[in-house]
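>>> generate coordinates for the sequence data below:
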Amino acid sequence: MSEAKLALGERKNPTSGACVTFSTHSLNERDRLSFWADIVCSQLIRAEIRSSQAGRRGFHGSLDLVRAGGMDVCHISAAAQQVVRTPALLQRMEEPVCVIALQVTGEARISQNGRCAVLQPGDMTLFSNFRPYELCFDQEFEQRVFIIPQSLCQGVVRDMDALAAVTLHRTHPGNRILGAYAEALVEVPGVPESQASQLREGMLQTLSAVLDGAVGLEKSRYRPMRRYHLARIQAFIRDNLADPRLGAEWMSAALQLSPSHIHRIFEGQAQTLSATIWQQRLEACRRDLARPELLCIDVGEIGYRWGFSDLAHFSRRFRQAFGVSPRAWRHAQLGSLSAGCVSAEDESP
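Numbering: from 1, shown residues only. Next up is the predicted model:
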């Protein structure tokens with residue numbers, strides 16, 4: 001394995017519209033993989049490059065890169081390899097981008113968000129740099145790639161989590177049109193920036209048409225996927241109910257789902273995500289308040305154990321949920337036992 005070492009500040013900036021080529025062909029074979037890793041990291045997206053051909057004859061890679069219309073357009077030709085965007089690399093400050101990969105030759109497997117797109121020549125998929133991913137190329141391959149700032153394609157790619165690593169089949173004519181856009185920008189040097197921006201808008205319109213066709217297919221698959229993610233979220237809530245950090249943001253990092261996606265999964269459920277968490281915390285408190293072995297633990301401490309930071313808030317939510325205060329509930333369940341271990345508690349109505 002070789003990990004790219006160049007910092008983002010070292011990224012080269014070719015003149016807009018000019019095509020720049022990076023290639024391993026003139027290097028000693030022992031240096032090719034590390035050079036290729038540096039190029040991928042500094043020119044495209046920081047990632048780890050792994051190759052079964054490291055140190056052997058035959059590894060090679062070349063990248064033709066054009067920056068035009070606020071996006072990067074690439075033609076990549078290389079030997080078998082894996083490109084892995086690990087969770088650790090997500091800590092780096094990088095602009096969120098959407099990546100559109102069109103397979104030209106060879107086969108690719110692109111995994112993100114629990115899905116895997118298998119690309120044959122002519123197929124296409126999307127993925128992003130703000131979630132971990134893995135690209136697997138088991139043989140020599142060629143790809144045409146668009147790297148577009150998320151801010152430029154928000155109106156087209158409305159739900160990156162739902163569309164990442166979905167195979168967009170080569171039978172859609174839009175795939176061929178997008179390939180022609182990439183080929184034209186790479187092979188026709190010096191396109192003025194104003195024309196490149198117009199081409200980008202046309203390309204995004206074409207992408208929108210391709211995605212519209214994919215959305216219907218994805219919706220038919222969404223119900224079981226939604227149930228799967230709902231089960232994951234519910235298990236995470238159960239396992240971390242006592243942690244005060246529990247919420248969409250913390251859950252997002254742990255489950256590799258965006259906060260907005262998590263909230264959408266709860267659409268149609270009886271309760272929102274927040275209400276589900278607080279209801280389960282209240283149920284846990286109610287169970288503990290009825291346990292004789294916990295009788296000498298303050299009511300406030302019981303609430304604190306299950307994520308409540310304020311006794312008044314805990315007492316108020318408990319009364320709203322169950323119709324009685326926590327102390328009254330404990331007394332009703334344990335009767336005279338509760339008189340033997342009383343603590344001062346400020347329970348607000």
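>>> quick check: phi and psi on residue 28?
With angles defined as degrees, to the nearest 10, residue 28 sits at phi -60, psi 150.
>>> what about stretch 38-48, average pLDDT?
Taken as a whole, stretch 38-48 has a mean pLDDT of 93.
>>> with adjacent residues omitted, what lies nearest to residue 202?
In this structure, residue 202 finds its nearest non-sequential neighbour in residue 181, 7.3 Å apart by Cβ to Cβ, 6 or more residues apart in numbering. Every C-beta, even on glycine, is put in place using the N, C-alpha and C of the backbone.
>>> helices of the stretch 51-200 of the chain, residue ranges please.
160-163, 173-187, 193-239 (DSSP state H, counting those that start in this stretch).
>>> out of the ones you listed, deepest packed?
The highest mean neighbour count among the helices of the stretch 51-200 of the chain, using mean count of other Cβ atoms under 10 Å, belongs to helix 160-163: a mean of 21.
>>> packing partners of that helix?
Counting contacts by 3 or more Cβ pairs under 8 Å, 6 or more residues apart in numbering; DSSP states H and E, helix 160-163 packs against strand 124-128, helix 193-239, helix 259-265.
>>> now the strands for the stretch 51-200 of the chain?
For the stretch 51-200 of the chain, applying DSSP state E, counting those that start in this stretch gives strands covering 61-68, 71-78, 81-85, 97-105, 108-112, 115-119, 124-128, 133-137, 141-149.
>>> of those, which is nearest residue 234?
Across the strands of the stretch 51-200 of the chain, residue 234 has its closest neighbour in strand 115-119 (20.8 Å, Cβ to Cβ).
>>> okay, the angle between the closest one and strand 133-137?
30 degrees (axes from the mean of the first three to the mean of the last three Cα atoms, to 10 degrees).
>>> quick one: contacts of strand 115-119?
101, 103, 107-111, 123, 125, 164-167 (Cβ atoms under 8 Å, 6 or more residues apart in numbering).
>>> now the buried members of the residues you listed.
101, 103, 108, 109, 110, 111, 123, 125, 164, 165, 166, 167 (16 or more other Cβ atoms under 10 Å).
>>> what's the domain layout of the chain?
2-219, 223-265, 277-340 (automatic domain parsing).
>>> hmm, back to that, distance to residue 141 and mean pLDDT added to the helices and strands packed on helix 160-163, as TSV?
TSV is the format used below for these (distance: least, Cβ to Cβ, whole Å; pLDDT from 0 to 100):
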stretch	distance to residue 141	mean pLDDT
strand 124-128	14	92
helix 193-239	21	75
helix 259-265	30	81
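>>> nearest to residue 72, of these?
Closest among the helices and strands packed on helix 160-163, using Cβ to Cβ: helix 193-239, at 11.1 Å.
>>> taking strand 141-149 as reference, get the angle to the closest one.
90 degrees.
>>> just checking, what packs against helix 193-239?
Helix 193-239 packs on strand 61-68, strand 141-149, helix 160-163, helix 173-187, helix 248-255, helix 259-265, helix 273-289, going by 3+ Cβ pairs under 8 Å, 6+ apart.
>>> check contacts around the residue positioned nearest the centre of the chain.
Centrality entry for the chain: nearest residue to the mean C-alpha point is residue 131, 3.1 Å, by Cα atoms, centre = their mean. Taking Cβ under 8 Å, 6+ apart as the criterion, residue 131 is in contact with 85, 90, 112, 113, 161, 164, 256.
>>> that one and residue 303, how far apart?
36 Å (Cβ to Cβ, to the nearest Å).
>>> do residue 262 as well
25 Å.
>>> kindly report the same for residue 255.
Using Cβ to Cβ, residue 255 is found at 27 Å from residue 303.
>>> between these two, point out the one with more neighbours.
Comparing residue 255 with residue 303 by other Cβ atoms under 10 Å, the one with more neighbours is residue 303, at 25 against 17.
>>> on that earlier part again, so the residue nearest to residue 202 sits against residue 199, correct?
Yes. Proximity of residue 181 to residue 199 meets the contact threshold set by Cβ atoms under 8 Å, at 6.3 Å.
>>> now the stretch 1-150 of the chain, which segments are flagged as low pLDDT?
For the stretch 1-150 of the chain, applying pLDDT under 70 flags the ranges 1-17, 53-57, 93.
>>> sorry, back to before: of the helices and strands packed on helix 160-163, which is nearest residue 152?
Among the helices and strands packed on helix 160-163, helix 193-239 sits nearest to residue 152 (Cβ to Cβ), with 7.3 Å.
>>> got the contact list for the residue nearest to residue 202?
73, 199, 202, 203, 206.
>>> buried residues in stretch 139-158?
Result for stretch 139-158 [16+ other Cβ under 10 Å]: buried residues 141, 143, 144, 145, 146, 147, 148, 152, 153, 156, 157.
>>> tell me the one of these nearest residue 175?
Nearest to residue 175 out of those is residue 144 (Cβ to Cβ; 10.3 Å).
>>> if we can go back for a sec, any chance of the contacts of residue 131 in CSV, plus distance to residue 317?
As requested, these are exported to CSV (distance: Cβ to Cβ, whole Å):
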residue, distance to residue 317
85, 41
90, 35
112, 38
113, 34
161, 32
164, 38
256, 31
